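J.: Okay, sequence plus prediction incoming.
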Amino acid sequence: MSIRILPGTDPEEALAAVRSAPGYFVTNTARDLSQSDFKNRILAHTDLLVAPEREAAGYFSLEITGGASVHVDMLRKQINPFERLERLRQLMPNTMFQTLCRGVNLFGYRPYPENVIRMTVREFAEYVDVWRVFDFLNHVPNMIPVFEEVREAGRLLEATVCFSTGPEHTDEFYVKKVGEILDVTGPDILLAVKNHSGLGTPGRIGQLVSSLLDAWPDLVIHYHGHNTDGNDVGRIVAAVSAGAKIVDAADHAMTGFFGPPPILTVLRMLADLGHEAQGINEDAVIAASDKLKRERPAYAAFESQFKGFDPTVHVHKLPGGAMGSSFEQAVKGGFLDRMPEILMSELPKVHRELGNFWSVTPGSQILWTTAVTHTLSGKRWVNASEDLKRLLLERYGPFPFYRPSDEIYEAVFGSEWKAVVASECGAEECAPVDMEAERKALEEALLRPASTRELVLYLQHPRDAVDFFRFEEEFGKTYVLPPSVWLREGGFGPEETVSFTDHTGKVHQVLFSASQTLADGGTLSYLYVDHHLEPFYFQPEAGEGKEVRRELSVKEIADLADLGEVRAAMAGVVSQVLVEKEQKVSEGDSLLVLEAMKMLNSLEAAVSGVVAEVAVTEGQAIRQGDLLIRIRPPRAKD
Amino acid sequence: MVRDNPVIEKVLVANRGEIAIRLCRAVQEEGLRAVAVYETPDAENRHLSIADEAVWIGPGPRKDYLDIDRIVMAAKRSGCQAVHPGYGFLAENPALAAACEDAGLVFVGPSAATIARLGDKTISRTLAAEAGLPVIPGSGILPPGQEGRRLAVEFARTHGFPVMLKAVAGGGGRGIRRVDDEQALADQIGLARAEAQSAFGDGRLYLEKGIVRPRHVEVQVLGDSHGNLIHMGARNCSIQRRHQKLVEVAPSLLAPEIEEAVCQAAVKYARYTGYVNAGTVEFLVDADNSFYFLEINTRLQVEHTVTETVTGIDIVRRMLRIASGRVLDVAQSDVACRGFAIEMRINAEDPKRDFAPDSGKTVAVYNSPGGPGIRLDGMVYQGYTIPAEYDSLLVKLTVYGFKWPEAVSRMARALRNFRIVGPKTTIPFYRALVAEPEFMSGSFDTGYLDRHPELFDYRDLEAQEERIAKLLAAIHHHGKNPYAF
């Protein structure tokens, strides 16, 4: 028997079909797999390649957009997120697409006003049937505007409770929380239990699902987990056995360590227990992985530096989506040796001190950055990031269990912290965005009219959206290139030929020929494009052959800061410059605000003196180790 | 001097590029031999391979194509009986026609005397007025100094602003200034005089009444030495930049009775001046459809292709026959314009930079359109390097359509199918033009481009494979994809 809920089905009908189905459904969590195990780099080319097999596999839904993917589509894959969905929809007319939406933060990192939420949900709803909406504080008001828009668009709303462990995380708490959600949404929703770090034992998950169903027997529960400890299959089995109707898993050829577990294993386990997967064609599941196996090697550079499951996740609780990138930062930042300390000691400590909320975007970034800063600087709480301050001031919403201690507030905000909290604490008013002004700004940047969808993308990630639109104007639809070409390192071999089918279906061939260095230091690279020779000119790279760039370690950067040379500890963008040349500064004064790793960080003077040089401007992109500001410490005579 | 029917077997094609090829084709179709001339930079030009013989006339650039002695010598030495000048270079220089006559060569065009007389704007206007053609009110030559200024102001007060300040020796759109008020008039006269002196070696100026939203309409005429004289319908050349034509259309897009009146006026003028061979009588048509004689071009025009397309009559072959003294084989009643033709000049220019020539570039890809209703008059090929020394015309694209919208959509299709990779060209600009409603409606005038600056915001999209290839080159050059890491 095959039950298939088609895209565009009325939400009530879809829910009735799920409720009355004898078995359970599977969501192919391709987006989360890409984010957790491949640093979000799985290309549209690969998703399009296996679209026919995934379509035939009969999933409840394909989780293919949302989370960081909207941003990374533009930033690293140079594809319009809407166009990606459009192309996939053409090949997968019968599979519902699912997104992951960060409540009022949508697909970005900060709250959006209602008019932006409305426009964004409307535009994505053309392709997205299932909307998983969560908030890292499980603060229901942070999700309500999106709930409303999803309803308005006639799509399936999947309201979410984030799950974690610890003394506060009781069934009573979660039952009450789901009650709060249902009070707002009514009964016709899917309810996701979002286990983003893959915490708890199978027994714990089974018990939670049972408790929720005891309270609301008609509730359709969608269990989402990560396989970080290697045991998510166990949790899935427990969830389904307890009555969950939909579970998340992924194509086995691509499964790694921190994403969802293999679909096929889940199917086999549950079949043995008498649970029937609805609509699933196992041959198609296998065929998809047979194709994906051939693609995986091209993504090797983006797999975790460290292979293997990490059962210590029960201590540090990093979400699956942040595992790979955390290690990557540790390697780049030169603090890999400090990782055991960070993960096993400081991070769990910070997590408890800050209220044991759910470690998921943007909360997970705050916890991680704070723990890293504490460990590397040896000082706790004093160099608080802007986002940590926002958290403490409950800008994101109230703490779910308890507030951090007064000592933390004092360390972060100084002795006058009570006044700061009294005057600034609470949710921010999020004024509506002036859409016409934003559209005008975008059109001025592009020198052409902008579509509503382009505006939606621009409102989420202004700078990166504009960069992407310009890229697309220059290079066209490059998503037709396979990962072996897009992610190629070390150039192409002599006489190597790349053939590709462009987005209109025409086949082209590019043959790499000789390169020539010109008198100006530039390079002419010759390619045969569809059998005619074309030269491509590249300017000499800035400083090429002169300055050899060496990555500075965090320690070196800290030492330089003590001498008045303020350098960037990580790559990012200068968000604000707070001082000017010749200005007197004292130790601890804020110099500038950097945006890095989704966070705003204020950089403070490590020494007192006079600003001798401001080497950056607002909006400038910087690399790790770049000089930002130079402070001239007072000479002995001054 | 009485011309006997000269026997012509070989014709010297005294030009280069696309028009040289056009002339060679007609010469060869007439059963004659074509002799090309070339300067050194043109040694690989395609007109040489199409011609039957070629004569090197000097190192150039440009000066040898303009050297009458060398042209005449090339014709004599190669055994030509006739010289066809094409357009540009020496085509309207009466000295070449005279030198040919002196050397016993047939000049394919009107006599030297006709060229000299009609080439003088003042004389040609006087003749038009004598012949009863409406002429734009003009001032006559302005004397230098204060007196000239006084006469100019008086003229402007009589006829109203705007007025056009023109150089007697100007042409091809050069040496013309529009003046909108008395102060500007006083200021401009001195400048214009100095400019005309340095550009044409003749500082004489005159004034004309300015025409509001004028359409530039011209009539092709053909006359033989036996007194037969016909017109071949009119063309609309209103789409111009800085008074240089970019797009030409046949017929004129005027109401039929207006077009007929314009054509009759052109015939009247040609008859009055005893015109022999091919010529073009130019008019400006005002917003109220009144029309004024402008000038006559005593040569073949770039845009003759549109007239050939709608009439089906080869003008260049008729020029050769007329030159050899034969009776024109086309009666006025044989001339029927059917449908519409549009010609666009595909130039190696960057319209976004005020049509600056994009010379020095090599054509990497040249894929031209084909199929029904397409005519190409070109000289460019894959591997051709755009010379800085000569003009930037690569190819003329002429299309035919039975109805005007059909011609426009065919042009749009042809432009879409036209691919030239290497130099910047006017193609993407034309693609924007053919999609513009005022152009599509056929109601444009000479102010069209000034009114449509948005046409220059077109996106110069390369073909998909070129753009992806550019990215592949970047991945290769940098060792990894700068847009993926």
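T.: In hand now; what should we look at? Numbers count the residues shown, from 1 in each chain, chains lettered A, B, ... in the order given.

J.: From now on I want contacts and neighbour counts done on CA atoms only, so please keep to that.
T.: Will do.

J.: contacting residues around A:Tyr127?
T.: Going by Cα atoms under 8 Å, 6 or more residues apart in numbering or on different chains, A:Tyr127 touches A:Leu85, A:Glu86, A:Arg89, A:Phe97.

J.: Over to B:Gln28?
T.: B:Gln28 sits next to B:Ala34 when contact means Cα under 8 Å, 6+ apart.

J.: quick revisit: list only buried entries from the contacts of A:Tyr127.
T.: In terms of neighbour count (16 or more other Cα atoms under 10 Å in any protein chain shown), the buried residues within those are A:Leu85, A:Arg89, A:Phe97.

J.: Now intersect the residues you listed with the strands, please.
T.: Judged by DSSP state E, the buried ones among the contacts of A:Tyr127 include A:Phe97 as members of strands.

J.: what's the neighbour count on A:His351?
T.: A:His351 sits with 23 neighbouring residues when counted by other Cα atoms under 10 Å in any protein chain shown.

J.: Quick check: it touching A:Ile366?
T.: No: contact criterion Cα atoms under 8 Å: A:His351 and A:Ile366 do not qualify, at 9.6 Å.

J.: what comes into contact with the helix or strand that A:Leu15 is a member of?
T.: Assigned by DSSP states H and E, A:Leu15 belongs to helix A:11-20. Counting contacts by Cα under 8 Å, 6+ apart, the residues outside helix A:11-20 that touch it are A:Ile3, A:Ile5, A:Gly154, A:Arg155, A:Leu156, A:Asp188, A:Ile189, A:Leu190, A:Asp218, A:Val220, A:Lys245.

J.: what's the next secondary structure element after it?
T.: Counting by DSSP H and E, what follows helix A:11-20 is strand A:25-28.

J.: and that next one, what other elements does it pack with?
T.: Helices and strands touching strand A:25-28, by 3 or more Cα pairs under 8 Å, 6 or more residues apart in numbering or on different chains; DSSP states H and E, are strand A:61-66, strand A:246-249.

J.: for the record, mean pLDDT for the shortest one?
T.: Summarised as a single mean, pLDDT over strand A:246-249 is 98.

J.: any idea how far the helix or strand following that strand is from the chain center?
T.: Once strand A:246-249 ends, the next helix or strand along the chain (criterion: DSSP H and E) is helix A:263-272. How far helix A:263-272 lies from its chain's middle: 29 Å, per Cα atoms, centre = their mean, to the nearest Å.

J.: Kindly report the same for stretch B:366-381.
T.: Relative to the mean C-alpha coordinate of its chain, stretch B:366-381 is positioned 19 Å out (Cα atoms, centre = their mean).

J.: residue contacts, A:Lys293?
T.: Listed by Cα under 8 Å, 6+ apart, the contact partners of A:Lys293 are A:Ala253, A:Met254.

J.: secondary structure class for it?
T.: With DSSP: H, G, I helix; E, B strand; the rest coil as the basis, A:Lys293 sits in helix.

J.: immediately after the longest strand seen in chain B, which helix or strand?
T.: Secondary structure of chain B per DSSP E: the longest strand is strand B:229-241. Following strand B:229-241 in sequence order, the next helix or strand is strand B:244-250 (DSSP H and E).

J.: Quick one: mean pLDDT for that following strand?
T.: Here the average pLDDT along strand B:244-250 is 93.

J.: List the buried residues in it.
T.: B:Lys245, B:Leu246, B:Val247, B:Glu248, B:Val249, B:Ala250.

J.: ok, residues contacting the following helix or strand past it?
T.: Downstream of strand B:244-250, the first helix or strand assigned by DSSP H and E is helix B:256-272. Here helix B:256-272 makes contact (Cα under 8 Å, 6+ apart) with B:127-128, B:131, B:133, B:219, B:221, B:229-231, B:233-234, B:252, B:281, B:283, B:289, B:291.

J.: Quick one: residues contacting whichever residue of the stretch 51-200 of chain A sits closest to chain B.
T.: At 4.2 Å from chain B, A:Arg76 is the closest residue in the stretch 51-200 of chain A, using Cα to the nearest Cα. Shown in contact with A:Arg76 (Cα under 8 Å, 6+ apart): A:Arg41, B:Tyr483, B:Ala484, B:Phe485.

J.: switch the cut-off to 10 Å
T.: The contact partners of A:Arg76, by Cα atoms under 10 Å, 6 or more residues apart in numbering or on different chains, come to A:Asn40, A:Arg41, A:Leu43, A:Ser69, A:Asp464, A:Phe468, B:Asn481, B:Pro482, B:Tyr483, B:Ala484, B:Phe485.
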